[in-house]
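J.: Sequence and predicted structure below; questions after.
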Amino acid sequence: MTAAENVCYTLINVASDSEPPSEISLKTDLEKGEIKAKTEALKKVIIMILNGEKLPGLLMTIIRFVLPLQDHTIKKLLLVFWEIVPKTTPDGKLLQEMILVCDAYRKDLQHPNEFIRGSTLRFLCKLKESELLEPLMPAIRACLEHRHSYVRRNAVLAIYTIYRNFEHLIPDAPELIHDFLVNEKDASCKRNAFMMLIHADQDRALDYLSTCIDQVHTFGDILQLVIVELIYKVCHANPSERARFIRCIYNLLQSSSPAVKYEAAGTLVTLSSAPTAIKAAAQCYIDLIIKESDNNVKLIVLDRLIELKEHPTHERVLQDLVMDILRVLTTPDLEVRKKTLQLALDLVSTRNVEELVIVLKKEVIKTNNVTEHEDTDKYRQLLVRTLHSCSVRFPDMAVTVIPVLMEFLSDSNEAAAADVLEFVREAVQRFEGLRPLIIEKMLEVFHAIKTVKIYRGALWILGEYCSTKDDIQSVMTEVRRSLGEIPIVENEIKRELGEVRPEEELSAVPTPKLVTEMGTYVTQSALSSSRPSKKAEDRPPLRGFLMDGDFYVAASLATTLTKLALRYVALVPEKRNQNSFVAESMLIMATVLHLGKTTLPKKPITDDDVDRISLCLKVLSECSPLMDDIFNKECRRSLSHMLAVKLEEEKLSQKKESEKRSVTVQADDPISFMQLTAKSEMASKEDQFQLSLLAAMGNTQRKEAADPLASKLNKVTQLTGFSDPVYAEAYVHVNQYDIVLDVLVVNQTSDTLQNCTLELATLGDLKLVEKPSPLTLAPHDFANIKANVKVASTENGIIFGNIVYDISGAASDRNCVVLSDIHIDIMDYIQPASCTDAEFRQMWAEFEWENKVTVNTNITDLNDYLQHILSSTNMKCLTPEKALSGFCGFMAANLYARSIFGEDALANVSIEKPIHLGPDAPVNGHIRIRAKSQGMALSLGDKINLSQKKTTA
């Protein structure tokens, strides 16, 4: 809303199919009709005047036949009518008839009915003619003493607007309202009176506040909110007043109204940076998050807490409140929990990490007992990741965390179990002292693992880190138990023929002692069930995976057995035992290989897996030192290197983050002393109330506005040609979920254009909120039409339409001018975001829409091309800088972005520099985009296609 635009008080719905009535029929209805007919006629008159009709002949008819009526509906309609009707002659003088209207409203201001008095006072706020208001002033003053609060509070508003617009009519308004405020008891009247004093005479408002500052906590919430605003404005303009009012703000933190508490906490933070003030404000925010049921409120207040944390001096204060912040985890909403855990993780320190870990462990255990909810698994994943981060930053905590998390390896939710596995892998590599504990817990839960991916990872960890003879033998026992009787093929054929009952099969394992323990090994086991069930269910886990055709796990098993066998040979001196273990390992590999070649599994074994298992058999048959070194040392070195690089990246990102937040003060910067600073300098900070109001109206003044290229003119779209009878151009203003089209319409003809209507339609996920109302354009006149469009998703939207109009006095059909299309740029909705590699891969697999864009550019450098794509698509590069550095002729990078609607967009850039074509050859390759919705994938592809070529300056 621009400053020049009139404030809108009343919205009137116009039926689009209604025919405009004639002036004569309206006159008849207004003179002779019943109350109902007069009401309908008056409504039609109002709509016609809003559409640009003048209707001067009806003014006296309405004064004579409608104004004297006492019907409340007609009185309400008359208020709208007198607001919009032209009240002056063409030369600017007040119409004679308005004196009669003025007298009628003087009577209404003395009416015994409080509704008529109050609504008349509200109407007077909208009048802009001082001649009309002057005779009414005594009656308006008298309304301040009316018995009903509705009249009194509207009288205050009327006095305020009249004082603001025409001070000479009521020069003593501030004094009058101050006296009224002192004696007033009603909360809404006091609020309006206080609000007027703030804007009209701030000193009087402060004097009043000083007299009742100790009773502020007893006031109503609407008055408390205005007091908070006044204190903020006063202290903002004159910081020396802070000490006088800060106690009052502290008291308002205890208010019963959540809105007052929120505003008071925000004001307190801006007025004081003392640790006690920050702590009180943060405590207030935490209480609000816990007590408020609306998730949007929780998220907004959480953002405030995160803003507090960004300030280096406030961070230490918030660290003491970590346990209070964790109380927010009782909220079931996943987004709130995610933000809370992230905030807690940012604030964790050696002082509070122990308490934090205890709470998180309890939360993890709680998720195990909760009846399955769609977000429980995701929440468990978040908790696991938070515990993982805590353990990496504070290694002492790993001992307490690992045993709790290892239980979740047997979880049916693969994502949470995968996170645990990743954590265990890192812990077992980093913390040598914990290896025996981790191996022991891993062997305990190994047989209960349900998903093949987790099974594979667990096998790798056991194969890599089992270093004692007993552990190696335990792993072999678990593998045999998980595989069932071997050879597998013969056993499966017998099973198919029904020769083997499940009970017999279980007792046929070569180590009978273990079979007796199987039922008592853990409380729950798939093998301990004595009830015969379907053949697929009573298979041991590993055999189940193999029968499903998942032979990748067989390749992993072969590698694990090879590592264990090579280590066993080095540990055990007896040749017989060595040969026995190696032979058993080779037998398992051979039987799995045999199974893969048969038709028994659902899918045959792949060539890659055959090669891997064959290689392992060859290694075990030869036992060469080189292979021993590769299997038992190189693998671990690779993991160690990967973890070191990952840690370095994390430290680098943390360093960048802290550099961003740290307040850098140069050696020669001037020091400002509050006592010596001029008032104007002190008030240089932006007014938060003004900023929030501008943000709500979509008028946020962005920093880029200083750049002339980013000015409004850059977003103006020409809709018609200069030779068209009606010229139109639109400024497209995007404000998150709304698009405001400000269309300038110019009548280029010498005729009056009536019912000039802007008709719009949309393509894509755009929705027109309201139909723009028709206009009447004088010859060579112009007007601005506003149209609001709601956006529902990130998609290239198109707005198209036309302008239709009638020419005054012409008998021809309506004329039409077709407008050019307006294309909405999706870049206004896309923001860079980050995710882990695992999340990226998961989304890449899940998203069904892919758009492959071929690289067609004039850029010759790979890195330059990548940077150009990042800047033109608002995406973030997930591939670390180290991986992209150097030059090798090709580059692969993963990009990620998220829209403000929560939609994810992934892209994979695969580009190369054809060296054989010379140094000036442009980059070629392709970019694959994946998204959940088709619109997002296509829109992003179009954007890349349009911006691929770099324009030469």
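T.: Thanks, I have it. Numbering: from 1, shown residues only.

J.: in stretch 867-879, what's buried?
T.: H868, I869, L870, T873, N874, M875, K876, C877, L878, T879 (16 or more other CB atoms under 10 Å). For glycine as for every other residue, the C-beta is placed from the backbone atoms N, C-alpha and C.

J.: what separates that stretch from the chain centre, distance-wise?
T.: 20 Å (CA atoms, centre = their mean, to the nearest Å).

J.: And stretch 769-785, by the same measure?
T.: With CA atoms, centre = their mean, you get 37 Å for stretch 769-785.

J.: Over to stretch 90-108?
T.: 54 Å.

J.: Go through that stretch and flag the buried ones.
T.: Quick answer for stretch 90-108 (16+ other CB under 10 Å): L95, E97, M98, V101, C102, Y105, D108.

J.: What residues does the nearest residue to N154 once chain neighbours are set aside make contact with?
T.: Residue nearest to N154 in three dimensions, not counting chain neighbours: L121, with 3.8 Å by CB to CB, 6 or more residues apart in numbering. Taking CB atoms under 8 Å, 6 or more residues apart in numbering, we find L121 in contact with L109, I140, C143, V151, N154, A155, L157, A158.

J.: what about the second one, how many neighbours?
T.: I140 sits with 21 neighbouring residues when counted by other CB atoms under 10 Å.

J.: What helix or strand is it located in?
T.: Under the criterion of DSSP states H and E, I140 resides in helix 137-142.

J.: G925 is in what secondary structure piece?
T.: strand 924-931.

J.: Just the buried residues of the helix or strand that that strand is followed by, please?
T.: Once the chain leaves strand 924-931, the next helix or strand it forms, by DSSP H and E, is helix 934-947. For helix 934-947, the neighbour count (16+ other CB under 10 Å) marks G935, M936, A937, L938, S939, L940, G941, K943, I944, S947 as buried.

J.: do the same with stretch 607-622
T.: Under 16+ other CB under 10 Å, the buried positions of stretch 607-622 are D609, V610, R612, I613, C616, L617, V619, L620.

J.: Mark which of those are part of helices, please.
T.: D609, V610, R612, I613, C616, L617, V619, L620 (DSSP state H).

J.: residues contacting the third one?
T.: With contacts defined as CB under 8 Å, 6+ apart, R612 is in contact with A555, A558, T559.

J.: Separate out the buried members of those.
T.: Buried among the contacts of R612 by 16+ other CB under 10 Å: A555, A558, T559.

J.: and the residue nearest to N154, that's in a helix?
T.: Yes. Using DSSP: H, G, I helix; E, B strand; the rest coil, the assignment for L121 is a helix.

J.: what about it, distance to H168?
T.: According to CB to CB, to the nearest Å, L121 stands 20 Å off from H168.

J.: Could I get the contacting residues of T39?
T.: So T39 contacts D71, T73, I74, L77 (CB under 8 Å, 6+ apart).

J.: who's in contact with the residue lying closest to the first one once chain neighbours are set aside?
T.: Excluding its sequence neighbours, the residue lying closest to D71 (CB to CB, 6+ apart) is I35, at 5.4 Å. Counting by CB under 8 Å, 6+ apart, I35 makes contact with L69, D71, I74.

J.: what about the spatially closest residue to V923 that is not a sequence neighbour, which helix or strand?
T.: Of all residues not flanking V923 in the chain, Y865 sits nearest, at 4.7 Å (CB to CB, 6+ apart). Per DSSP H and E: Y865 is located in helix 862-873.

J.: tell me the mean pLDDT for that helix?
T.: Averaged over helix 862-873, pLDDT sits at 86.

J.: Can you tell me which helices and strands whatever helix or strand comes next after that helix packs against?
T.: Using DSSP H and E, the helix or strand that directly follows helix 862-873 along the chain is strand 876-877. Judged by 3 or more CB pairs under 8 Å, 6 or more residues apart in numbering; DSSP states H and E, strand 876-877 is in contact with helix 862-873, strand 890-899.

J.: who touches strand 876-877?
T.: Under CB under 8 Å, 6+ apart, the answer for strand 876-877 is P832, A833, S834, L866, L870, L884, A893, N894, L895, Y896, A897.

J.: Just the ones of the contacts of L121 in strands?
T.: Assignment to strands by DSSP state E places none of the contacts of L121 there.

J.: the longest helix in this structure is where?
T.: If you go by DSSP H, the chain has its longest helix at helix 635-661.

J.: any idea how far that one is from the chain center?
T.: With CA atoms, centre = their mean, you get 27 Å for helix 635-661.

J.: For it, name the packing helices and strands.
T.: Using 3+ CB pairs under 8 Å, 6+ apart, helix 635-661 sits against helix 414-430, helix 452-465.

J.: now M406, nearest residue through space, not along the chain?
T.: Nearest to M406 is K441, by CB to CB, 6+ apart, at 4.1 Å.

J.: pretty sure that neighbour contacts L405?
T.: No. The pair K441 / L405 is not scored as a contact, 9.2 Å apart, by CB atoms under 8 Å.

J.: Tell me which of these two has more neighbours.
T.: L405 (25 against 19).

J.: and the more buried one, how far is that from V853?
T.: For L405 relative to V853 (CB to CB), the value is 42 Å.

J.: now do W460
T.: W460 is 37 Å from V853, by CB to CB.

J.: can you tell me how far the residue nearest to I900 when sequence neighbours are not counted sits from V791?
T.: By the measure of CB to CB, 6+ apart, the closest residue to I900 outside its immediate chain neighbours is Y829, 5.2 Å from it. From Y829 over to V791 the distance is 7 Å, taken as CB to CB.

J.: mind showing which ranges of the stretch 301-450 of the chain have poor pLDDT?
T.: For the stretch 301-450 of the chain, the stretches flagged by pLDDT under 70 are 369-374, 411-413.

J.: Just the buried positions in stretch 28-42, please.
T.: Of the residues in stretch 28-42, D29, L30, K38, T39, E40, A41, L42 count as buried by neighbour count, 16+ other CB under 10 Å.

J.: Just give me the closest of the residues you listed to E134.
T.: L42 (27.3 Å; CB to CB).

J.: tell me which element the closest one falls in.
T.: helix 35-50.

J.: Now do the domain split for the chain, please.
T.: 348-446, 449-495+539-633, 713-824, 828-947 (the TED database).

J.: now these as JSON lines including distance to M323?
T.: Listed next are the domains of the chain as JSON lines, based on distance: least, CB to CB, whole Å:
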{"stretch": "domain 348-446", "distance to M323": "6"}
{"stretch": "domain 449-495+539-633", "distance to M323": "33"}
{"stretch": "domain 713-824", "distance to M323": "35"}
{"stretch": "domain 828-947", "distance to M323": "27"}
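
J.: and of the ones you listed, who's closest to Q215?
T.: Here domain 348-446 is closest among the domains of the chain (CB to CB), at 39.6 Å.

J.: Just give me how far the closest one sits from the chain centre.
T.: 28 Å.
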